[in-house]
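Trainee: Sequence isn't available, so here's the structure alone:
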């Protein structure tokens with residue numbers, strides 16, 4: 001049995017190739033989940049480029065790409081996905097139904113057309129399948145491997161994922177915006193009792209006060225949600241480009257003071273979901 005999660009991209013909005021961002025990482029959203037004999041990819045940000053090279057090196061021939069939504073920072077690695085150009089590679093691409101197009105394949109076709117990109121989608125020689133997902137669907141992907149979905153509050157819509165296998169649950173909740181004073185019931189349902197919850201913690205509370213409506217949340221709200229849902233660990237994700245390593249360390253420290261199971265996502269880190277260390281849950285109330 002295997003259930004591991006590797007972070008290939010943890011940044012939101014815009015990739016950051018700066019020395020000041022190396023500890024946490026500068027690539028945009030992309031996670032690799034190796035589970036039940038399957039390779040699942042969560043989002044196709046710039047982290048997908050390095051992941052594609054690793055798949056080729058290890059001769060992985062099949063994967064499923066689950067997209068939270070089609071905003072640019074979550075798909076801009078796709079044209080540079082090396083495995084997509086290999087005829088012996090097969091990948092299913094799954095995204096929520098999108099207003100204005102039949103499926104996610106139309107989005108990739110458009111963004112890889114001139115004058116935006118010199119190499120059209122048809123140049124990709126891999127066997128690619130594009131499929132619509134209706135939010136709320138459950139995907140039974142292999143024996144004992146279930147992926148559940150839920151609606152997120154983001155401009156244009158986004159979908160959150162809950163991956164269950166071997167008695168463990170991993171949740172991917174980005175991009176989403178909270179409503180002050182209200183806990184998002186869709187998220188609570190999706191993350192109930194989860195072992196790890198990756199959550200959109202783009203802004204500090206002070207930043208969020210001037211950016212309401214932009215579609216993102218705070219670590220403070222993440223703490224409230226995991227506490228209410230009795231989840232075990234909170235992984236801060238979708239780091240703002242202006243949050244350098246020093247600021248991220250301070251945010252991570254503050255979040256951990258509020259919830260002992262909190263930590264910030266770092267590029268290159270691997271979580272072994274079936275052998276997670278115990279969390280010494282704090283009795284300290286979150287203020």
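Mentor: Looks like it came in fine. A quick note: this is a predicted structure, and the numbers were derived from the prediction, not measured.

Trainee: Pairing partners for the closest residue to residue 226 other than its chain neighbours in the sheet, please.
Mentor: Spatial nearest neighbour of residue 226, excluding adjacent residues (CB to CB, 6 or more residues apart in numbering): residue 234 at 4.7 Å. To be clear about C-beta, it is placed using only N, CA and C from the backbone, and glycine gets the same treatment. Beta-bridge pairing for residue 234 (DSSP bridges): residue 197, residue 262.

Trainee: do the same with residue 172
Mentor: Taking DSSP bridges, one obtains residue 161, residue 198 as the residues bridged to residue 172.

Trainee: what's it in contact with, if anything?
Mentor: Residues near residue 172 by CB atoms under 8 Å, 6 or more residues apart in numbering: 31, 42, 68, 160, 161, 162, 163, 198.

Trainee: What of residue 174?
Mentor: Residues near residue 174 by CB under 8 Å, 6+ apart: 12, 29, 43, 68, 152, 158, 160, 198, 199, 200, 237, 238.

Trainee: if you set the cut-off to 6 Å instead, what comes out?
Mentor: Going by CB atoms under 6 Å, 6 or more residues apart in numbering, residue 174 touches 68, 200, 237, 238.

Trainee: separation between it and residue 202?
Mentor: Using CB to CB, to the nearest Å, we find residue 174 at a distance of 9 Å from residue 202.

Trainee: intersection of neighbour lists for those two?
Mentor: Between them, residue 174 and residue 202 share these contacting residues under CB under 6 Å, 6+ apart: residue 238.

Trainee: Just the terminal-to-terminal distance for stretch 200-208.
Mentor: Distance between the two ends of stretch 200-208: 12 Å, counting by CA to CA, to the nearest Å.

Trainee: list the helices and strands the lengthiest helix in the chain packs on?
Mentor: If you go by DSSP state H, the chain has its longest helix at helix 245-258. Packing partners of helix 245-258 (3 or more CB pairs under 6 Å, 6 or more residues apart in numbering; DSSP states H and E): strand 262-264.

Trainee: From the chain's centroid, how far away is the helix or strand following the strand it packs on?
Mentor: Using DSSP states H and E, the next helix or strand after strand 262-264 towards the C-terminus is strand 270-272. Put simply, strand 270-272 sits 15 Å off its chain's centre (CA atoms, centre = their mean, to the nearest Å).

Trainee: Also stretch 128-136?
Mentor: Centre-to-centre, stretch 128-136 and its host chain are 16 Å apart (CA atoms, centre = their mean).

Trainee: One more: stretch 244-263?
Mentor: Offset of stretch 244-263 from its chain centre (CA atoms, centre = their mean): 19 Å.

Trainee: Show me which positions of it end up buried.
Mentor: 244-245, 247-248, 251-252, 255-256, 258-263 (16 or more other CB atoms under 10 Å).

Trainee: surely the residue nearest to residue 226 meets residue 264?
Mentor: No. Using CB atoms under 6 Å, residue 234 is not in contact with residue 264, being 9.7 Å away.

Trainee: Between those two, which has more neighbouring residues?
Mentor: Set side by side, residue 234 and residue 264 show more neighbours around residue 234, with 28 against 24, by other CB atoms under 10 Å.

Trainee: Now do that one, the pLDDT please.
Mentor: We note a pLDDT of 98 for residue 234 in this prediction.

Trainee: wait, what's in contact with it?
Mentor: Residue 234 touches 197, 222, 226, 259, 261, 262, counting by CB under 6 Å, 6+ apart.
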